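Colleague: sequence unavailable; structure follows:
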């Protein structure tokens, strides 16, 4: 091989991996800032069955 | 829908006739662009003549951008846009009317620019039938896609910078096809340009239809 | 939005795209012209630049100072080509290539500025022994 | 809507992420070391296992973004969740479109002999990336959530016109780019043995990676909305508590607000409330509220 193939692999892997890692890190940081943790989530989830995300029509529309 | 369109088109054209922004600003701008290209390439006249169709359509594209922006700027004074949308006019009719008004202005501009190109670039305008047919289809495409996106961006504070980003990639196929059709026509081989003219017609049909469909959500009173 | 209008607009869009498909199958909008097409339109093309596609005829490739000579053929026509440039790594006899350039006015040959190798979307193992079965049979 | 994720959902997401990671690692191993070189291309064939899967994910991402935008525009399914999904998927689409262009260019130089050529496939791919960059730009323009979501949804749908053109460009026009490798209309698989299996693994792995990143990106969007509306909700709750005072405690209108944890109230404010408020009064008031919240 002559470098091009390896370069292609590196670009694709760094691109996908780097972007994915950045997004996941941002998610964790936001969760931390907002004080939402997984254990917290489990407790909250038990009490919010009636507030499931779902269709929200926009009233008049 | 069509009577609403006629109403809006007549209104827009009347405003342009009286305010003369198109004749006093857009047209001179297009000529300046044409002259700037000539300055940039003036050491090589044959190259300028060869590139003339492409440069011409770039100038038309930029002018179209100004024309569609202007088409919605006239609605921003005294909340005229709100009034128009609340007037009960069919949004699809408003879209068609505005697109027709822009198309008429662009057609006038194209004729004058073509004359300017013939004089300044030494380009030969052969096969006028082919030139007019492809330019007509291109104009409808430019006006309909342009008005559609301008309507989307009309209410935004950042529309001057955002509209070119949204609109120019959409209009790129028109630029490419029209330039190729004119190039083939001006070099005396109109037969080669026919497929490009067909592509222009397809683009125009698709964007007029799309515009009629999405005009409702786009111009919804917010 | 009246439903009828939605239908008409949808039909128009479909018809326009359908027209494009129909014409496209006739290969009317071209990135390149094949050798037989180009030869048929030689008078119309003149010396304007276009892209020429054909297979490199085996046994005709000759390196000359500052370039390479070879023939390309497609659809029963053959054109001799002189290229002034660096042929790409995969350039070889027998493969399809796209040449950017123009016809010479006098000789009828084609002057190429760049050779592009066009490969098919088939990927066949070079060492069939490593893969079970005959790769050409699948 | 709910930014807090249940344990089970996060376990599923984790499993998808892990599978994607293992799958991509296996694809790289098979692609670089195990698969044989091909006739004609030799070792240059090895980018086959990366470039088409990345390009496929780009289509998939724009398809999901457009479907979600249509679901938002359709009045009966209108929900801020669809808007978030559309935004998240379009951002992934742009990233994968960029990677498609770069890996394709790197592949094109040694095989075709050029980094770039203006054939129909390459041109429409570049156009696609720019169209959705425009979409991401219009998403960032401030306004009430409903207005932002609606106008960006229209842009996403309009931009999608280029996707079928892009896919079919290699059949409509003669291009330098080869025709489809796997999704070929003629249904003749033209890749052999372990090469085909590696390619398939590549498609599956990159699709899973897309799914994992999409979930992460969607949660980021949900959390950001939550954060932005949080301040407003608590401020309103304080005002209500102030105004209500002790005697009126227990009136139906005031009682739920302070006790409700932020998310659903915020969601209804951000979605329903804001939309009708904007329609009823003026969009400026509503725009201001989201600015205050930040």
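Modeller: The structure has been received and is ready for your questions. In this text the structure is predicted, and so the values were computed from the model without any measurement.
Colleague: touching, residue D:72 and residue D:84? I think so.
Modeller: No: with contact defined as C-beta atoms under 8 Å, residue D:72 and residue D:84 do not form a contacting pair (9.6 Å). (Glycine included, C-beta is placed from N, CA and C.)
Colleague: between the two, point out the one with more neighbours.
Modeller: Applying other C-beta atoms under 10 Å in any protein chain shown to residue D:72 and residue D:84 shows that residue D:72 carries more neighbours, namely 27 against 22.
Colleague: give me the spatial nearest neighbour of the closest residue to chain A within chain B, chain neighbours excluded.
Modeller: Per C-beta to the nearest C-beta, the residue of chain B with the smallest distance to chain A is residue B:220, at 9.1 Å. On the basis of C-beta to C-beta, 6 or more residues apart in numbering or on different chains, the spatially nearest residue to residue B:220 that is not a chain neighbour turns out to be residue D:150, at 7.0 Å.
Colleague: again, but for residue B:107
Modeller: Counting by C-beta to C-beta, 6+ apart, residue B:107 lies nearest to residue B:139, which is 5.5 Å off, once chain neighbours are set aside.
Colleague: what sits against the one you found?
Modeller: Contacts of residue B:139 were listed using C-beta atoms under 8 Å, 6 or more residues apart in numbering or on different chains, and they are B:103, B:106-107, B:110.
Colleague: and if you look at residue D:82?
Modeller: With contacts defined as C-beta under 8 Å, 6+ apart, residue D:82 is in contact with D:68-69, D:71-72.
Colleague: one more: residue D:26?
Modeller: Here residue D:26 is in contact with D:201, D:205 (criterion: C-beta under 8 Å, 6+ apart).
Colleague: ok, so of the contacts of residue B:139, who is nearest chain C?
Modeller: The shortest separation between chain C and any of those is 17.7 Å, and it belongs to residue B:103 (by C-beta to the nearest C-beta).
Colleague: what average pLDDT does the helix or strand where that closest one lies get?
Modeller: Residue B:103 is located in helix B:91-121, with elements delineated by DSSP states H and E. Computed over helix B:91-121, the mean pLDDT rounds to 91.
Colleague: buried ones in whichever strand or helix holds residue A:17?
Modeller: Counting by DSSP H and E, the secondary-structure element that holds residue A:17 is helix A:4-33. Using 16 or more other C-beta atoms under 10 Å in any protein chain shown as the test for burial, helix A:4-33 gives A:4-5, A:7-9, A:11-13, A:15-16, A:19-20, A:23-24, A:26-27, A:30-31.
Colleague: in chain C, what residue comes closest to chain A?
Modeller: residue C:89 (7.9 Å).
Colleague: could you look up the SS state of that residue?
Modeller: coil (DSSP: H, G, I helix; E, B strand; the rest coil).
Colleague: and the pLDDT at the nearest residue to it once chain neighbours are set aside?
Modeller: Of all residues not flanking residue C:89 in the chain, residue D:110 sits nearest, at 5.2 Å (C-beta to C-beta, 6+ apart). Residue D:110 is assigned 86 on the pLDDT scale.
Colleague: centre of the chain versus the helix or strand harbouring residue D:212, how much separation?
Modeller: Using DSSP H and E, residue D:212 sits within helix D:193-244. Between the mean C-alpha location of helix D:193-244 and the chain-wide mean there is a distance of 10 Å, by C-alpha atoms, centre = their mean, to the nearest Å.
Colleague: show me what it is packed up against.
Modeller: helix A:4-33, helix D:7-29, helix D:51-73, helix D:80-112, helix D:256-259, helix D:262-268, helix D:283-293 (3 or more C-beta pairs under 8 Å, 6 or more residues apart in numbering or on different chains; DSSP states H and E).
Colleague: narrow the contacts of residue B:139 to those that are buried.
Modeller: Neighbour-count burial (16+ other C-beta under 10 Å) is assigned, among those, to B:103, B:106, B:110.
Colleague: and the residues you listed as TSV, adding distance to chain D?
Modeller: Output for these, formatted as TSV (distance: C-beta to the nearest C-beta, whole Å):
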residue	distance to chain D
B:103	19
B:106	21
B:110	24
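Colleague: and which of these is nearest to residue B:183?
Modeller: residue B:110 (15.8 Å; C-beta to C-beta).
Colleague: list the contacts of that closest one.
Modeller: If a contact means C-beta under 8 Å, 6+ apart, then residue B:110 has B:60, B:135, B:139 as its contacts.
Colleague: so what does residue C:6 have for phi and psi?
Modeller: The main-chain torsion angles of residue C:6 are listed as degrees, to the nearest 10 and equal phi -60, psi -40.
Colleague: quick one: contacts for it?
Modeller: Residues in contact with residue C:6, defined by C-beta under 8 Å, 6+ apart, are residue B:213.
Colleague: circling back to that earlier point, redo the helices and strands packed on helix D:193-244 as a markdown table? Include distance to residue C:34.
Modeller: Output for the helices and strands packed on helix D:193-244, formatted as a markdown table (distance: least, C-beta to C-beta, whole Å):
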| stretch | distance to residue C:34 |
| --- | --- |
| helix A:4-33 | 29 |
| helix D:7-29 | 36 |
| helix D:51-73 | 26 |
| helix D:80-112 | 17 |
| helix D:256-259 | 73 |
| helix D:262-268 | 60 |
| helix D:283-293 | 58 |
